[in-house]
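Asks: Let me see the structure of the following:
(chains A and B)
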Amino acid sequence: MLSMVDRAKLLEMYRQMLTIRFFEEKVFELYGQNLVPGTIHLYAGQEAVAVGVCANLRKDDYITSTHRGHGHCIAKGARLDKTMAEILGRKTGYCKGKGGSMHIADFSIGMLGATAVVGAGIPIAAGAALSIKLRGTDQVVACFFGEGASNQGTFHEGINLAAVWSLPAVFVCENNLYAMGTRQSRVMLIENIADRAKAYGIHGVAVDGNDVLAVFEATREAVERARRDEGPALVECKTYRHKGHSRFDPAAYRPKQEVEKWLRKDPIALFQTRLLDMGILSQATVEEIAQECRQAVDEATKFAIESPFPEPEEALEDVYSSGESASAQ
Amino acid sequence: MKEITTRDALREALQEEMQRDRTVFLIGEDIGRYWGGAFGVTRGLAEEFGDERVRDTPISESAIIGVGVGAAITGMRPVAEIMFGDLTALAMDQICNQAAKIRYMFGGQAAVPLVIRTPFGAGVNIASHHSQSLEAWFMHTPGLQVAVPSTPHDAKGLLKTAIRGSNPVLFVEHKLLYPVKGMIPEEDFVFPFGVADVKHEGSDVSIVATLFMVHKALAVAEQLGKEGISVEVVDPRTLAPLDEQAILKTVRKTGRLVVVSEDCKTAGVSSEIVAMVAEEALDYLDAPVKRVAEPDTPLPFSPTLEKFVVPDEKRIAKAVKEIL
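Replies: Sure thing, here's the model as predicted:
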């Protein structure tokens, strides 16, 4: 398995995971300083999913994202500065301050945007996959959503349609066990969301979502199959968010032992140990990379904080398009 | 010029745009070769363009629109059909939260050239889940455009504009209009959105009406003309954008306004038009405005009940006479 992945790629994945973690820690810190308007849904703890999936994607492949989407953006190659500026509501952000934390998009890298309506991205991802099929390219779509979204009608409608039309989409369920404060076992009788794939006649697999190489491997197969026009797949990644659902949610609904168990399975620590064992990382490079990632986040933060807010009247712009369609292809 | 039904005019618009642009494709329930659409609008198109571009779907309205959105933001121009307007309720998130907002919330990065065709309107006794007029829901959603053609000519010209445009459009087809005939040019033509059409000139009273109500208003104009009352009938043709200037112009001309709309009265199409006139042209009004709309009930089934709630010529004529 690992022979398929070269050292540079592994290091890049490690670097991305670390960047996401530092980025989210910084967002949390800025939130505490009242620099982030509204709310936040942090990705810390789930880094292996976004990075393991996106490591299989090309720049022209698409992703759709969720309210917990900062990690997806960074893993797909979004700029840290424009992402942070958007979260801070600045004019220089990806969406000129109109979207915020829950609605970041970068069409230039195939990041088709985050929707804050749980499950709404699933049929949209199927549509992007249909577009690929009709245009005859070999792009693929990776669609991120949580286990909570798998109880939405859009999950059923979107995946069924993708299945029956054999669309090049990989549906990535990030199962972090809790939909806000509702534990999975309270709202569904099955343990594996991946089992639902059977109902649509497609391939489904559940993997350890804190093991970036397991995610990478499972997604690689799904992406390759989709690229060969062999239809969609459902990849369930079992993971855990380190923080609460949003803002300062203390997540008191989660048993202490459970939290501790998952914290011991920190995806970055696991991957770091692995790379150290493999001799790809050394103690010196660990610190060097951490330093570089922190610096990148700090620079992005500086850019965001120094950026102006939009002019109030800009609220009236971008409701309608006046020209020809200018969307990602 | 040639005479054609609204159904055939709509089909011609789809056919010509599909010939003109490879990115245009159709998606909906039973629109393909086995049925051709519940009202026959897409009949024959699967045979001409293939099943890939005329796609029958499962009964999944939310996915039909969601797939349309995903395709529209990645370089295609989907035209989705929702079999009955009432069923847009099943896809409201995709229409109003996704299609309508994607451009705005992503700071103008994307365009969403998605057309959603759907039939509204009562008159064929199919009760509460197949008869409503819900234009106001969509007029109330920034980011959407709403087209409400009343003739084959307008239907073809506006549908082509909708397909060539770069915004999501809720394209309303009134089910009683499908067999209605009218004249259209042989050559290619389009009508811009936001430009009303004066369907009948007059000087005593203005009627602003949409969709099938335009025909009832025209019948009233004809009838009252014989009694010496000169009625002007203005058809906005699109509700979003709304040609406010054309409405204000007719109000300034006649000083009297009746708004006729098939949707229910409260917070409806007529409410918006009357409010706009009150803000912009109150001084020009020589009499109170009148609204002729459906009462605030669901659509009933039995012919006597349905006939009672849907605005008819008698009610329109009465409203006109009341403000003369």
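
Asks: can you give me the helices in chain A?
Replies: Using DSSP state H, the helices of chain A run over A:7-32, A:47-54, A:70-76, A:80-87, A:121-135, A:153-164, A:184-187, A:197-200, A:212-227, A:256-264, A:267-277, A:283-306.

Asks: Next: chain B.
Replies: Under DSSP H, chain B gives helices at B:6-20, B:45-49, B:61-72, B:92, B:102-105, B:135-139, B:152-164, B:212-226, B:244-254, B:269-281, B:303-309, B:313-322.

Asks: out of those, which comes closest to A:Arg196?
Replies: With C-beta to C-beta as the criterion, A:Arg196 lies closest to helix B:61-72 of those, at 15.8 Å. All C-beta spots, glycine's among them, are computed from the backbone N, C-alpha and C.

Asks: What is the burial count for the closest residue to B:His140 other than its chain neighbours?
Replies: In space, and not counting its chain neighbours, B:His140 is closest to B:Ala267: 8.0 Å by C-beta to C-beta, 6 or more residues apart in numbering or on different chains. For B:Ala267, the count of nearby residues is 13 (other C-beta atoms under 10 Å in any protein chain shown).

Asks: OK, contacts around residue 106?
Replies: Answering for chain A, as no chain was given. A:73, A:76, A:78-79, A:82, A:94, B:109 (C-beta atoms under 8 Å, 6 or more residues apart in numbering or on different chains).

Asks: My question was about chain B, not that one.
Replies: A:94-95, A:98-99, A:103, A:105, A:107, A:113.

Asks: and those residues near chain B, which?
Replies: A:94-95, A:98-99, A:103, A:105, A:107, A:113 (C-beta under 8 Å from any C-beta of the partner chain).

Asks: Format these as JSON lines; extra columns: neighbour count and pLDDT.
Replies: Formatted as JSON lines, the ones next to chain B among the contacts of B:Phe106 follow (neighbours: other C-beta atoms under 10 Å in any protein chain shown; pLDDT from 0 to 100):
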{"residue": "A:Tyr94", "neighbour count": "28", "pLDDT": "98"}
{"residue": "A:Cys95", "neighbour count": "23", "pLDDT": "98"}
{"residue": "A:Lys98", "neighbour count": "23", "pLDDT": "98"}
{"residue": "A:Gly99", "neighbour count": "25", "pLDDT": "98"}
{"residue": "A:His103", "neighbour count": "23", "pLDDT": "97"}
{"residue": "A:Ala105", "neighbour count": "28", "pLDDT": "98"}
{"residue": "A:Phe107", "neighbour count": "19", "pLDDT": "98"}
{"residue": "A:Gly113", "neighbour count": "27", "pLDDT": "97"}
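
Asks: so which pair among those residues is furthest apart in space?
Replies: A:Lys98 and A:Phe107 (14.3 Å).

Asks: where are the low-confidence patches of the stretch 101-250 of chain B?
Replies: Applying pLDDT under 70 to the stretch 101-250 of chain B flags no residue at all.

Asks: which residue packs closest to B:Ile126, ignoring adjacent ones?
Replies: B:Phe301 is the one closest to B:Ile126 (C-beta to C-beta, 6+ apart), at 7.8 Å.

Asks: Could you tell me how far that neighbour is located from B:Ser128?
Replies: 7 Å (C-beta to C-beta, to the nearest Å).

Asks: What residue in the stretch 151-300 of chain B comes nearest to chain A?
Replies: Per C-beta to the nearest C-beta, B:Ser166 is where the stretch 151-300 of chain B lies closest to chain A, at 4.1 Å.

Asks: give me the number of residues near that residue?
Replies: Should you count by other C-beta under 10 Å, B:Ser166 turns out to have 20 residues around it.

Asks: Thought A:Ser321 was touching it, still the case?
Replies: Yes: if you go by C-beta atoms under 8 Å, B:Ser166 and A:Ser321 touch, sitting 4.1 Å apart.

Asks: Spit out the residues that contact the two alike.
Replies: With contacts taken as C-beta under 8 Å, 6+ apart, B:Ser166 and A:Ser321 have B:111-112 as neighbours in common.

Asks: Residue numbers of the stretch 101-250 of chain B in contact with chain A?
Replies: So the stretch 101-250 of chain B meets chain A at B:102-113, B:142-143, B:145, B:166-167 (C-beta under 8 Å from any C-beta).

Asks: Could you rerun that using 10 Å?
Replies: B:101-114, B:142-145, B:164-168, B:240-241 (C-beta under 10 Å from any C-beta of the partner chain).

Asks: ok, and the closest non-adjacent residue to residue 121?
Replies: I'll assume chain A. A:Thr64 (3.8 Å).

Asks: that's the wrong chain, I meant chain B
Replies: Leaving aside its chain neighbours, B:Gly121 sits nearest to B:His174 (4.2 Å; criterion: C-beta to C-beta, 6+ apart).

Asks: isn't that neighbour right next to B:Ala122, touching?
Replies: Yes: applying C-beta atoms under 10 Å, one finds B:His174 in contact with B:Ala122, separated by 9.5 Å.

Asks: so what pLDDT did the nearest residue to A:Glu47 once chain neighbours are set aside get?
Replies: Counting by C-beta to C-beta, 6+ apart, A:Met17 is the residue found nearest to A:Glu47 once chain neighbours are left out, at 4.1 Å. Model confidence at A:Met17, given as pLDDT, is 98.

Asks: Quick one: neighbours of A:Met17, just the number.
Replies: Around A:Met17 there are 25 residues (other C-beta under 10 Å).

Asks: check contacts around the residue nearest in space to the middle of chain A.
Replies: By C-alpha atoms, centre = their mean, chain A has its centre lying nearest to A:His72, at 2.7 Å. Residues in contact with A:His72 (C-beta atoms under 10 Å, 6 or more residues apart in numbering or on different chains) are A:20, A:43, A:46, A:49-51, A:53-54, A:63-66, A:78, A:104, A:111, A:114, A:142, A:144, A:172, A:174.

Asks: In strands, which of those fall?
Replies: Mapping the contacts of A:His72 onto strands (DSSP state E) picks out A:63-65, A:111, A:114, A:142, A:144, A:172, A:174.

Asks: how near is A:Met102 to A:Gly38?
Replies: Counting by C-beta to C-beta - A:Met102 and A:Gly38 are separated by 8 Å.

Asks: ugh, wrong one, I meant B:Trp35
Replies: 47 Å.

Asks: And for B:Leu248?
Replies: Applying C-beta to C-beta to B:Leu248 and A:Gly38 gives a distance of 40 Å.
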